[in-house]
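In: coordinates only, sequence not included:
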């Protein structure tokens, strides 16, 4: 009997072990993060080629905590799942459960409390031949109570491939998950935008019957509507009409979005499409604070004027000083040099614009000056300006062997100066230029590139006038010995520009990377000094050049380490007496009850820094803001920030600076891009008088 009992126990143990292994194969380990647990679960423990089945990401927040729906509402972030699947296997989008509404102060958020199952459907191709099916989900979420904590987890399972077998322990799980999904309906629905109001019309009698007094509409498009106040819902015999205020940060017109209709009895989800006549009017800019009557001719004139004024911006002065020196030294070829300089300016404007448009087409939230948000380019520019400064100081000569090529070298120099002028000018946006850039970025590529070319033509216009009008060219002094002294003086702004670039690099990449870049600069300067020694001493030229190339190689090595070790630099610490860091949520909360001044800036924008020193961070402006209880918010675009890019787009801007004054009960007021104390005071006083 003992042998029989042991045999039974043995077989029971095998059966239980097999069941546990099967269950474990179809569910991942539970990953515990602050205030939330995450797990990946499959409906089947064994699958076959050609099959479709569901998997679920299970999120369990602590009591009182919640995660977010596809549209989180006024604040928050939707959960994101990135899948890693073998070839021949695909996955559908998340099937979102019925959302709940959370009111937190003046904010309305949409999400889920308790056990939440995010279903997705896996499809296996008929040709799938592997013995197992590995599935990995990289999940990112935001879990909130009174404060929020971002979290992430990598969840993996591996299913056997064979005859399909449901995971017995998961039958109830997927039944519960599907019961929490809304009904899907193919009702005809469209939306329109007029006078900063979004109107959604659902043409269906069943939809109209949902309006029983408890109906709430969850709109799946982010930053399309305001969630407070909740708007209105009306119904007729055959239509349901939903009206909401247009969101303050609206910038992109969706072609369609999900609409979730929930009352105390039913939850129905359908797809809403754009009304055909609405998209064109909004894309033309009618919903922004800028005039909607802009046409291409007007914008081209704005671009031309903005490019011309760009020459007066402080960021361009170092390069223009080089061009002035070149023109004074080559008066006889002023016309030809002006044309080559213009070609360099226009081609670089168009090239940067083409890259910007291409990147934005991939979904990147970028704007004018995006290239200077990259510490690599900032570091390379610092090296370039050190080389220019040392050349002007007489440490070495550029291309002495090429000088014999005569006119060809001068043409290359003029073209390169135009390229450099645009690269350095890109942190700036001059008056008129902001409107032109904002208009250009929402146009088809050919029109956008034409506008950027007009900007380039405007920037090159002063030198074209010097080249083609002898009367203007007479203002240039005649060449002489004074030019050597002037050339050496022109090295000073180059050194100062290098200091500025180093400061920006340090703010972007951190103090450790800045120290390494300084080492690289010293080595690079040594390489150029050695190069110059070889130019002056032909007998040792080979040895000096070899040594110079060695220093350049070490410079490249140190520069690479500096980039690889970059960290986010220390940002300015705001104080309650001066300014607060801008966020959309903070601005939205504050502007309902008190005036708010928003400053969108960047460390690489010299115009921004000048405005802050001259007009915003002065005792007069601080006293003005204190007197009228104006909250000062600063958005920092030094490093790429999609939220700020979207904010700029809302005002048809594609670069900084941007200054906006919000006053309760009034439309936002956009201030000029060049500020003074009097301009700020006048804007505040006008807003107060309009109450």
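Out: Great, that's in hand. Just so we're clear, the structure is a prediction, and the values are computed from it rather than from any experiment. Residues are numbered from 1 along each chain as shown.
In: and residue 540, how far is that from residue 673?
Out: For residue 540, the distance to residue 673 equals 53 Å [CB to CB, to the nearest Å]. Any C-beta I mention is one placed from the backbone N, CA and C, and that applies to glycine too.
In: so these two - more neighbours on which side?
Out: Between residue 540 and residue 673, residue 673 has the larger neighbour count (other CB atoms under 10 Å), namely 24 against 12.
In: thought that one was touching residue 608?
Out: No. With contact defined as CB atoms under 8 Å, residue 673 does not count as touching residue 608 (9.1 Å).
In: overlap in contacts, these two.
Out: Residues touching both residue 673 and residue 608 (CB atoms under 8 Å, 6 or more residues apart in numbering): residue 657.
In: and for the helix or strand harbouring residue 597, what's in contact with it?
Out: Using DSSP states H and E, the element containing residue 597 is strand 596-601. Under the criterion CB under 8 Å, 6+ apart, residues 579, 582, 587, 590, 608-609, 612, 616, 625, 630-637, 644, 647-648, 653, 656-662 lie in contact with strand 596-601.
In: check stretch 174-185 too.
Out: Defining contact as CB under 8 Å, 6+ apart, one finds that stretch 174-185 is touched by 43, 54, 56, 95-98, 117, 119, 204, 206-207, 260, 262, 266-270.
In: please repeat the previous calculation with a cut-off of 7 Å.
Out: 43, 54, 56, 95, 97-98, 117, 119, 260, 266-270 (CB atoms under 7 Å, 6 or more residues apart in numbering).
In: endpoint to endpoint, it covers what distance?
Out: End-to-end distance of stretch 174-185 (CA to CA, to the nearest Å): 21 Å.
In: again with stretch 532-545
Out: One end of stretch 532-545 to the other measures 9 Å (CA to CA).
In: buried sites along that stretch?
Out: For stretch 532-545, the neighbour count (16 or more other CB atoms under 10 Å) marks 532-534, 544-545 as buried.
In: what of stretch 101-111?
Out: Under 16+ other CB under 10 Å, the buried positions of stretch 101-111 are 102, 107-111.
In: how about these in a markdown table, adding distance to residue 69?
Out: Formatted as a markdown table, the buried residues of stretch 101-111 follow (distance: CB to CB, whole Å):
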| residue | distance to residue 69 |
| --- | --- |
| 102 | 10 |
| 107 | 14 |
| 108 | 12 |
| 109 | 9 |
| 110 | 4 |
| 111 | 5 |
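In: of these, which is the nearest to residue 124?
Out: Comparing these against residue 124 with CB to CB places residue 111 closest, at 31.9 Å.
In: what about the strands in the stretch 1-150 of the chain?
Out: 31-33, 36-42, 44-47, 52-61, 66-73, 80-84, 89-91, 100-104, 107-113, 116-124, 132-144, 148-161 (DSSP state E, counting those that start in this stretch).
In: sheet partners, orientation included, of the longest one?
Out: In this case it means strand 148-161. As defined by DSSP bridges, the strand partners of strand 148-161 come to strand 44-47 (parallel), strand 132-144 (antiparallel).
In: nearest to residue 31 among these would be which one?
Out: Of all those, strand 132-144 sits nearest to residue 31, with 8.6 Å by CB to CB.
In: if you average pLDDT over the closest one, what comes out?
Out: Averaging pLDDT along strand 132-144 gives 92.
In: hey, which helix or strand in this protein has the poorest pLDDT?
Out: The helix or strand of the chain with the poorest confidence is helix 276-283; it has a mean of 48 (mean pLDDT, DSSP states H and E).
In: quick one: buried ones out of the contacts of stretch 174-185?
Out: 43, 54, 56, 95, 97-98, 117, 119, 260, 267-270.
In: give the next helix or strand downstream of the lengthiest helix in the chain.
Out: Taking DSSP state H as the criterion, the chain has its longest helix at helix 334-361. Note on helix 334-361: by DSSP H and E, the next helix or strand toward the C-terminus is helix 375-392.
In: counting contacts, what elements does that next one pack onto?
Out: helix 491-509, helix 511-536, helix 541-564 (3 or more CB pairs under 7 Å, 6 or more residues apart in numbering; DSSP states H and E).
In: now the angle from that helix to helix 491-509?
Out: 160 degrees (axes from the mean of the first three to the mean of the last three CA atoms, to 10 degrees).
In: gap between helix 375-392 and the chain center?
Out: 26 Å (CA atoms, centre = their mean, to the nearest Å).
In: so it versus helix 541-564, what angle?
Out: 150 degrees.
In: pLDDT at residue 414, what is it?
Out: 78.
In: what sits closest to it if chain neighbours are left out?
Out: Spatial nearest neighbour of residue 414, excluding adjacent residues (CB to CB, 6 or more residues apart in numbering): residue 340 at 3.8 Å.
In: thinking again about what came up before, least confident pick among the buried residues of stretch 101-111?
Out: For these, the pLDDT minimum is residue 107, 72.
In: now for the closest residue to residue 34 other than its chain neighbours, how many residues are close by?
Out: Distances taken as CB to CB, 6+ apart place residue 149 nearest to residue 34, at 5.1 Å, with adjacent residues excluded. Residues near residue 149, counting by other CB under 10 Å, number 14.
In: what does residue 678 give?
Out: Neighbour tally, residue 678, other CB under 10 Å: 10.
In: and residue 456, by the same measure?
Out: Residues near residue 456, counting by other CB under 10 Å: 28.
In: residue 337 too?
Out: With other CB under 10 Å as criterion, residue 337 counts 26.
In: okay, residue 260 and residue 100: tell me how far apart.
Out: 11 Å.
In: picking that back up, and which of the contacts of stretch 174-185 is nearest residue 522?
Out: Residue 522 lies nearest to residue 56 out of those, by CB to CB, at 57.8 Å.
In: what is the nearest of the buried residues of stretch 101-111 to residue 61?
Out: Closest to residue 61 out of these is residue 111 (9.2 Å), distances taken as CB to CB.
In: looking at strand pairing, list the partners for the closest one.
Out: Following DSSP bridges, residue 111 is listed with bridge partners residue 68, residue 100.
In: show me the contacts for it.
Out: Counted by CB under 7 Å, 6+ apart, residue 111 has contacts 66-69, 72, 76, 99-100, 102.
In: quick one: which of the residues you listed has the lowest pLDDT value?
Out: Among the contacts of residue 111, residue 76 has the weakest pLDDT, 78.
In: give me the number of residues near the residue nearest to that residue when sequence neighbours are not counted?
Out: Among residues not flanking residue 76 along the chain, residue 68 sits closest, at 4.4 Å (CB to CB, 6+ apart). Number of residues near residue 68 (other CB under 10 Å) recorded here: 23.
In: what sits against residue 68?
Out: 76-79, 109-111, 142.
In: mind checking pLDDT for the residue lying closest to residue 517 once chain neighbours are set aside?
Out: The shortest distance from residue 517 to any non-neighbouring residue, by CB to CB, 6+ apart, is to residue 562 (4.8 Å). At residue 562, the pLDDT value in this model is 74.
In: try the one 3 residues further on
Out: pLDDT recorded at residue 565 is 68.
In: neighbours of residue 38, how many?
Out: Residue 38: 25 surrounding residues under other CB under 10 Å.
In: swap in residue 141?
Out: The number of residues near residue 141, taken as other CB under 10 Å, comes to 26.
In: and residue 57, by the same measure?
Out: Using other CB under 10 Å, residue 57 has 22 other residues around it.
In: now it: how far from residue 102?
Out: Applying CB to CB to residue 57 and residue 102 gives a distance of 21 Å.
In: ok, residue 134 - contacts?
Out: Residues near residue 134 by CB under 7 Å, 6+ apart: 86, 156, 158.
In: correct me, but residue 611 touches residue 656?
Out: No. Counting by CB atoms under 7 Å, residue 611 does not reach residue 656; the two are 10.1 Å apart.
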